[in-house]
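>>> Output the structure for:
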Amino acid sequence: MNDSSPNFCLIDLPELVGFFSYSREDDDDAAGRLTALRDAIQRELRGQLGRSRRQLRLWQDKEAIIPGRLWQKEIKAAIEEAVFFIPIITPTVVNSNYCRSEFEFFLEQERMFGRSDLVFPILYIRVPELEHESRWRDHPVLSVIGQRQWVDWRQLRLLPVDDLAVRRAIEEFCSKIIETLSRPMVPLEELRRRQAEEEARQHHEEEARKHEEEEDRKRQEDEARQAAAAEAVRKRQEETERAEQAARAREAELRRQAEAKRQREREEEDARRAREADEVRKRQQQELLREQEPERRKQIRSSKRPVIIAAAISAAIAVAVTLAVVFMREPTNPARQAGSPGPQVPAPPDAAAQHLAELTAREQQTYDAARGNVSALRAYVNGCTVCAHESAAHSEITRLQTADEEERSYNAARGNRDALQAYVNGCSVCSHADAAREEIARLETPPVPCGGNADAQLVRPIESLYRAVNEEDLDLYAQQWADGATSRDVFSGGGERTKAEKVETKRAQFSKWKFNLTMDRPPEILSKTATRAEISVYYSISITFASGECKRRTGVLEKYTVTCGDTGRWQIMDNTDEINVSGSAGRC
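You can find the predicted model right below:
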């Protein structure tokens, strides 16, 4: 491929290589008829061009790969040598990731040639999707097949290769390939120069982009550090303010409790003095009553004497009149005279006892009306005479004053957890204790696991993993995987690997290769809970090997499961890589 003639044609290359892309399963199911078809096409091309086996090869993996070689590496190398591509279109091929990759590799090669006519599809088995444009338009393989002229082999696939109709179709198919390869094109040297210039331009743009991204990343990190520092200062200030508020609340509560204690002591002293004064007053009243008792009795006797004298006189007159009548009318009846009773005078009631009873009843009414009112209760205590409820009134006054003080303390503590707790611990009446406990429970918000599950926090371990790969930071790479994490690659068919195996693989790769791993679009959160999330990522990767060769793949789909574990950080618990490849593959 060193020809630089201005009238260059691919047919003029000293060695022509084509690539025969097919499914081994289809070939096995057809008893090797696809291999026979490849051999017949190769012989027909050699015959029409007059080329030897060495000068023209139609590459087939079954024929060209030596046992023990890495077949995928050999296939890629063969596609890089090929100048035309014959895909055998069947449902199996359309659904095969391997055949799709072969197709994508050659399309990259075709673009490098500046051509769009070097793929010669053969429709071998009916593919229903090809019959409806709406179904093949978005398919990575069928969208290319549908826009190209393909050969319909469905009626010939059951015939033997040496059948006349099959041989004629092969002859016509090979003539079309030779005609296409004979078209003039830009010399390969010029193509390589243009490609080198394009790669240099892309490299320059990529370096500029990376530099800009690095500057943006540093700026964002600086802003994040400044924001974190400001947030830390704000939190410290808030904590200091809360501590000061709590200290002030505790101090106020201690002052309130001390004042309440002094108030209770004053009230108890007042009550004691009032009881002593009452006892003195009662003793004085009793002594006064004792001193007045002889005079009272004398007054009673004095008030009774005129009544007795009058009664005696009346009785005497009555007796005289009666005796006169009797002696005038009848003889005297000694028995009757002896049994005749004298007049009875009732004693007057005890005025002092009656006054005491009335006074006690009035004070009872006054006390009942004063209940629940501190001022009225104090008026009752200060003005009572009998004071049967004085002790109860003092107790109620103390209780009402304490309740009033505690209500002011509760209202002042609202919204402050420490002050509310101090109120609950120090209250006596505790009218608002239940409400204070409920508010304390509301203020005590439980911590959020791993700082929450915002999208930015969920994707952070994946972004850090990509950065670790690009910067070859093995420690950072290992930190993103949770203990017990697993990983698998669908495309390569690899088995499940543990965290330790992933880390060791990366250790070996970092020593030999350079990576450039980027996300094609922002990660998509498929589902999330407080401690688990499913995330899909489309990425592109370029790998520069020790030999200086660089390979690139785009549009690769992978999925992650991130969890919030005992470390308090979001980490990767599972990764399924290379689920689908929707972009291109080839050299950088």
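>>> C-alpha from now on. contacts and neighbour counts both.
Fine.
>>> Could you report the neighbour count for residue 284?
Using other CA atoms under 10 Å, residue 284 has 12 neighbouring residues.
>>> what does residue 148 give?
Neighbour tally, residue 148, other CA under 10 Å: 14.
>>> Quick check: residue 11 is in a helix.
Yes: under DSSP: H, G, I helix; E, B strand; the rest coil, residue 11 falls within a helix.
>>> how close does it sit to residue 183?
To residue 183, residue 11 is 8 Å away according to CA to CA, to the nearest Å.
>>> neighbour-wise, which of the two wins?
A count of neighbours by other CA under 10 Å puts residue 11 above the other of residue 11 and residue 183, at 18 against 12.
>>> Identify the residues contacting the more buried one.
178, 181-182 (CA atoms under 8 Å, 6 or more residues apart in numbering).
>>> Ok, residue 355 next?
By CA under 8 Å, 6+ apart, residue 355 lies in contact with nothing.
>>> now for the lengthiest helix in the chain, which elements pack on it?
For the chain, the helix with the greatest residue count under DSSP state H is helix 188-329. If contacts are counted by 3 or more CA pairs under 8 Å, 6 or more residues apart in numbering; DSSP states H and E, helix 188-329 sits against helix 97-113, helix 390-413, helix 417-426.
>>> May I see these organised as a markdown table, with mean pLDDT and distance to residue 528 added?
A markdown table is the format used below for those (pLDDT from 0 to 100; distance: least, CA to CA, whole Å):
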| stretch | mean pLDDT | distance to residue 528 |
| --- | --- | --- |
| helix 97-113 | 86 | 30 |
| helix 390-413 | 90 | 40 |
| helix 417-426 | 89 | 33 |
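>>> before we move on, back to that, looking at the contacts of residue 11, which one is closest to residue 237?
In terms of CA to CA, no member of the contacts of residue 11 lies closer to residue 237 than residue 181, at 77.8 Å.
>>> The closest one and residue 539, how far apart?
Distance from residue 181 to residue 539, by CA to CA: 36 Å.
>>> What of residue 140?
Residue 140 is 17 Å from residue 539, by CA to CA.
>>> which one of these two has more residues nearby?
The neighbour comparison of residue 140 against residue 539 (other CA under 10 Å) goes to residue 539, with 22 against 17.
>>> Now the element after the helix or strand of the chain with the lowest mean pLDDT, going C-ward?
Here the helix or strand of the chain ranked lowest by mean pLDDT, DSSP states H and E is helix 334-339, holding a mean of 44. Scanning forward in sequence from helix 334-339 by DSSP states H and E, the next helix or strand is helix 351-370.
>>> and that following helix, how far from the chain's centre?
72 Å (CA atoms, centre = their mean, to the nearest Å).
>>> Stretch 530-538 too?
On CA atoms, centre = their mean, the centre of stretch 530-538 falls 12 Å from that of its chain.
>>> switch to numbering from 11
Fine by me, first position is 11 from now on; the one you just mentioned is stretch 540-548.
>>> which parts of that stretch are buried?
Applying a neighbour-count criterion of 16 or more other CA atoms under 10 Å, one finds 542-548 buried in stretch 540-548.
>>> again, but for stretch 488-506
Within stretch 488-506, the residues that qualify as buried are 488, 490-492, 495-499, counting by 16+ other CA under 10 Å.
>>> Quick check: of these, which lies closest to residue 362?
residue 492 (97.0 Å).
>>> which regions of the chain sit below the pLDDT cut-off?
Scanning the chain for pLDDT under 70 picks out 11-17, 72-82, 306-307, 309-360, 455-457, 501-504, 593.
>>> what's the following helix or strand after the strand ranked longest in the chain?
Ranked by residue count and defined by DSSP state E, the top strand of the chain is strand 560-574. Next in sequence after strand 560-574, counting helices and strands by DSSP H and E, comes strand 580-591.
>>> in its sheet, what does that following strand sit against?
Sheet pairing of strand 580-591 (DSSP bridges) gives strand 491-499 (parallel), strand 560-574 (antiparallel).
>>> just to revisit the earlier point, now for the helices and strands packed on helix 198-339, which one comes closest to residue 88?
Where these are weighed against each other on CA to CA, the nearest is helix 107-123, at 9.8 Å.
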